[in-house]
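K.L.:
Give me a model of this one.
(2 chains)
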Amino acid sequence: MNSLLDSSNRSVVLAAFSAFVVVCLMLCVITGADEDDRALVRSDSRRLRAWQQGVAMGGDTTTVATVTVLVGMVATFGFDGIGLMLGSLVGVVLLLLLVAEPLRHHAVLTPADLLDARGSGGPGVRVSLGVVTLIVCLLLLVVQLVAVGNLAAALFGQVTPQTRIGCIIVFGTLMTAFAVTGGIRGTGVIMIAKSALAIPVLLVVAWLVLHRFGWNPARLLDSASAGAGLGRDFLKPGNYTGDGRTGALNGIGQTLGMSLATMGMPAVLMRVISTKSPRGARIAGRWMLSELSVLYGALAVVGLGAAALVGPVLRDSGTGVQAFTPLLVAQALGRDGLLVAAVACVLFPTALAAVVDMALAAGMAVWHDVLGGFTRNDDNASVSRWAAALTCALAIVLSVFAVDLSLVSLSALWLTICGAALTPVLLYALYWPGFTARGALWCLWGGTALSVFLIAVSPYASGVPGAVFPGQDFRLWDVTAPAVVAGPAGFLLGWLGSVTDPQRGRRAGRAGHAPISAAASSADRTSPTLQ
Amino acid sequence: MSFPTAGSSDPWPPRPTPRTSSETDATMSLRLRLAVRVAVVWLAYLAPVAFAPGLYGTPVAGPVSLGLLVAPVPLAVGVHALFAHNRWTGTRRAS
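P.N.:
This is a model prediction of the structure:
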């Protein structure tokens, strides 16, 4: 990949990225949380307008891994890549319908407030929800940091372990600085800046792809089918997920898992909660859906263009080169390397912005839920900053150790935990009056443990080249989308834990399971931040 | 794009919007109904992906396969549900 950028283009990319970092740091200082604020996510954050929060929420779901992997998936596997995008968009629709407005109505800082207000919370549930959220955020942070470390090292022509680790540390340090100084408003501004860069550049690339094929979609699809080497099967399901019973489970699990995980992503929920009002949350969700629709449309066209223009290169180089697909398309389209430089300039801010918001969400989980579950010390601004900083430091250390791990397995793990533990708890707390604290704990810990187990006995962990332990084989199944089992099991555990709860009848008798409308009015009594 | 000064804050904690119980319950019920509709259509779309991938691979309009042609359907149902929800909410607010 060293030939993607020549030395002058490398300088351009480095200069553009440095300028982006400087501007973002300035914006963070100007718009960030004040010293007299009680936390990084506080009243000032509510000053972001709904459309600004919506654009930032869209940015949360379009990480650099998403952009590169989705384009690579469409280019290599055709229909299966498009199905993933569709799964994400349906997840956003369900988030908008089911979660956004009522969550903003009841939660104060994190989703754990909702459980408290709903009568299915308590210190144990709060700490558990915080820990599971932290696990999800850390896994996602590790994936993003390692991915951007690999990408940066490759673009700068120095693919050595030292350079990759150096890039991880540099990006991680910048992430920490942004999250701690900016708070939710500062990181929101970074997200908006990133979207303002990324969407136009990707639209230009998509426009150039369509222009190359005479604005004839049939011609583009024909060329993509031929380039990918799949012929008529390019637009048939199963190229990635496989055939037979395993392929069927993979096919459902992949898209279902994407939808469930999108509904429970901690960074998105944090932004939903920090909108000005419940109506603002709904408007923000609409902006998010619009942004993602435009972005995914552009990515699909770029992916098809990649199959048509550089399909043989992608086939011959294996899956490792998928991360560079957008750059390869730009190289095929541009004559002077300027387009490659522009796409590279987009990928770096995209990587940085997504990890910043996730780091903030992780810091909030530690400060408000894990520490808050023990100490109730919510008034201290420095505690929230230290929590965010320490979480970022932990993510950097984990990323350095995970630099050679399979990122696909880590991605599958966070998606599965998010869909099997966080989303069921959220939906039950909002829509089932019978949901109890025990159900929440079963759901959180059962869903998490089951997700880890299913990944551990899958081809991600052993038995195939590229697995975490390729030399050993302790596979129990060949399914690579464990959400197909873990997701429904998470819902089942939540239900089972609640209906077998001996406290259930007693608490219901004294209105412990208040209707949600009644619980809303008691939110300010039950949340620890509301003194 | 403007960002008002930090510190000139909203009331904290934010107070829940006062609502009658029946209104909230009706809203939640509508949301659930619409979401179930979206989820059912989504699962119906996914079933052939898993169990009859050949069906979705059938070319129907040049290189466009049946699966690609019907892919916008779950999304369209979702967007319609959002419109329906917004219309209902607007009607309730106006009344």
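K.L.:
show me what contacts the residue of the stretch 351-500 of chain A found nearest chain B?
P.N.:
The shortest separation between the stretch 351-500 of chain A and chain B is 5.9 Å, found at A:Tyr431 (distances taken as Cβ to the nearest Cβ). (Each C-beta comes from the backbone N, C-alpha and C, glycine too.) Neighbouring residues of A:Tyr431 by Cβ atoms under 8 Å, 6 or more residues apart in numbering or on different chains: A:98, B:28, B:32.
K.L.:
mind redoing it with 7 Å?
P.N.:
B:28, B:32 (Cβ atoms under 7 Å, 6 or more residues apart in numbering or on different chains).
K.L.:
Could you list the residues of the stretch 151-300 of chain A in contact with chain B?
P.N.:
Within reach of chain B by Cβ under 7 Å from any Cβ of the partner chain, the stretch 151-300 of chain A has these residues: A:185, A:218, A:221-222, A:225, A:232-233, A:235-238, A:248, A:251-252, A:255, A:278.
K.L.:
all strands for chain B, in order.
P.N.:
B:59-61, B:64-65 (DSSP state E).
K.L.:
Of the ones you listed, which stretch is the most buried?
P.N.:
strand B:64-65 (a mean of 20; mean count of other Cβ atoms under 10 Å in any protein chain shown).
K.L.:
Stretch B:67-82 and chain A, any residue contact?
P.N.:
Yes. Interface with chain A: stretch B:67-82 contributes B:67-68, B:71, B:74-75, B:78, B:81-82 (Cβ under 7 Å from any Cβ).
K.L.:
I'd like to know which of the strands of chain B is closest to chain A.
P.N.:
Closest of those to chain A is strand B:64-65, at 3.8 Å (criterion: Cβ to the nearest Cβ).
K.L.:
touching chain A at all, that closest one?
P.N.:
Yes. Residues of strand B:64-65 contacting chain A under Cβ under 7 Å from any Cβ: B:64-65.
K.L.:
hmm, back to that, ok, so of the residues of the stretch 151-300 of chain A next to chain B, who is nearest chain B?
P.N.:
A:Lys236 (2.8 Å).
K.L.:
What's the local residue count around the residue lying closest to that closest one once chain neighbours are set aside?
P.N.:
Spatial nearest neighbour of A:Lys236, excluding adjacent residues (Cβ to Cβ, 6 or more residues apart in numbering or on different chains): B:Gly57 at 2.8 Å. B:Gly57: 22 surrounding residues under other Cβ atoms under 10 Å in any protein chain shown.
K.L.:
any idea how far A:Pro482 is from B:Gly57?
P.N.:
B:Gly57 sits 26 Å away from A:Pro482, going by Cβ to Cβ, to the nearest Å.
K.L.:
just to revisit the earlier point, for the residue nearest to A:Lys236, give me the pLDDT.
P.N.:
Looking at B:Gly57, its pLDDT is 87.
K.L.:
how about it, phi and psi?
P.N.:
phi -80, psi 0 (degrees, to the nearest 10).
K.L.:
wait, it sits on B:Ser65?
P.N.:
Yes. Shown here, B:Gly57 and B:Ser65 form a contact pair, counting by Cβ atoms under 7 Å, at 5.4 Å.
K.L.:
Quick one: residues contacting the residue nearest to A:Lys236.
P.N.:
By Cβ under 7 Å, 6+ apart, the neighbours of B:Gly57 are A:232-233, A:235-236, B:65, B:67.
K.L.:
gap between B:Pro53 and chain A?
P.N.:
Counting by Cβ to the nearest Cβ, to the nearest Å, the gap from B:Pro53 to chain A is 4 Å.
K.L.:
what sits against that residue?
P.N.:
A:236-238.
K.L.:
just to revisit the earlier point, going through the residues of the stretch 151-300 of chain A next to chain B, which ones are buried?
P.N.:
A:185, A:221-222, A:225, A:233, A:235-238, A:248, A:251-252, A:255, A:278 (16 or more other Cβ atoms under 10 Å in any protein chain shown).
K.L.:
what's the distance between the residue of the stretch 351-500 of chain A closest to chain B and A:Val425?
P.N.:
A:Tyr431 is 12 Å from A:Val425, where distance means Cβ to Cβ.
K.L.:
Please report the distance of A:Val142 from A:Ala362.
P.N.:
11 Å.
K.L.:
before we move on, what about B:Leu55?
P.N.:
Distance from B:Leu55 to A:Ala362, by Cβ to Cβ: 43 Å.
K.L.:
A:Val313 too?
P.N.:
From A:Val313 to A:Ala362 the distance is 37 Å (Cβ to Cβ).
K.L.:
higher neighbour count, these two?
P.N.:
Neighbours were counted for A:Val313 and for A:Ala362 using other Cβ under 10 Å; A:Ala362 has more, 30 against 17.
K.L.:
Now do the contacts for the closest residue to the more buried one other than its chain neighbours.
P.N.:
Among residues not flanking A:Ala362 along the chain, A:Cys137 sits closest, at 3.5 Å (Cβ to Cβ, 6+ apart). Residues near A:Cys137 by Cβ under 7 Å, 6+ apart: A:266, A:358, A:361-362, A:365.
K.L.:
Likewise for A:Leu422?
P.N.:
Contacts of A:Leu422 (Cβ under 7 Å, 6+ apart): A:132-133, A:136, A:264.
K.L.:
Need the residue closest to the centroid of the chain.
P.N.:
With no chain named, the answer covers chain A. A:Thr61 (4.8 Å; Cα atoms, centre = their mean).
K.L.:
hm, I was asking about chain B
P.N.:
B:Gly78 (4.2 Å).
K.L.:
ok, it to A:Val93 distance?
P.N.:
Per Cβ to Cβ, B:Gly78 is found 3 Å from A:Val93.
K.L.:
Check A:Ser293 too.
P.N.:
10 Å.
K.L.:
do A:Ala332 as well
P.N.:
Distance from A:Ala332 to A:Val93, by Cβ to Cβ: 34 Å.
K.L.:
quick one: which of these two has more around it?
P.N.:
Legend: neighbour count by other Cβ under 10 Å for A:Ala332 and A:Val93, higher for A:Val93 (27 against 18).
K.L.:
which SS state does the more buried one fall under?
P.N.:
The three-state label given to A:Val93 by DSSP: H, G, I helix; E, B strand; the rest coil is helix.
K.L.:
My guess is it contacts B:Val38. True?
P.N.:
Yes. If you go by Cβ under 7 Å, A:Val93 and B:Val38 touch, sitting 6.1 Å apart.
K.L.:
Quickly list what's touching both of the two.
P.N.:
With Cβ under 7 Å, 6+ apart, A:Val93 and B:Val38 have common neighbours B:Gly78.
K.L.:
Show me how far the longest helix belonging to chain B is from its chain's centre.
P.N.:
Longest helix in chain B, counting residues (DSSP state H): helix B:21-51. Centroid displacement of helix B:21-51 relative to its chain, using Cα atoms, centre = their mean, to the nearest Å, is 8 Å.
K.L.:
I figured A:Thr181 hits A:Cys28, correct?
P.N.:
Yes. Counting by Cβ under 7 Å, A:Thr181 touches A:Cys28, with 4.6 Å between them.
K.L.:
Those two - which one has more neighbours?
P.N.:
Each of A:Thr181 and A:Cys28 has its neighbours counted (other Cβ under 10 Å); A:Cys28 has more, 23 against 18.
K.L.:
Chain B versus the more buried one, what's the distance?
P.N.:
Taking Cβ to the nearest Cβ, one finds A:Cys28 at 12 Å from chain B.
K.L.:
what pLDDT, on average, does the host helix or strand of that residue get?
P.N.:
Take DSSP states H and E as the rule and A:Cys28 turns out to sit in helix A:7-31. Mean per-residue pLDDT for helix A:7-31: 80.
K.L.:
Quick check: buried residues in it?
P.N.:
Buried, per 16+ other Cβ under 10 Å, within helix A:7-31: A:9-10, A:12-14, A:16-17, A:20-21, A:24-25, A:27-28, A:31.
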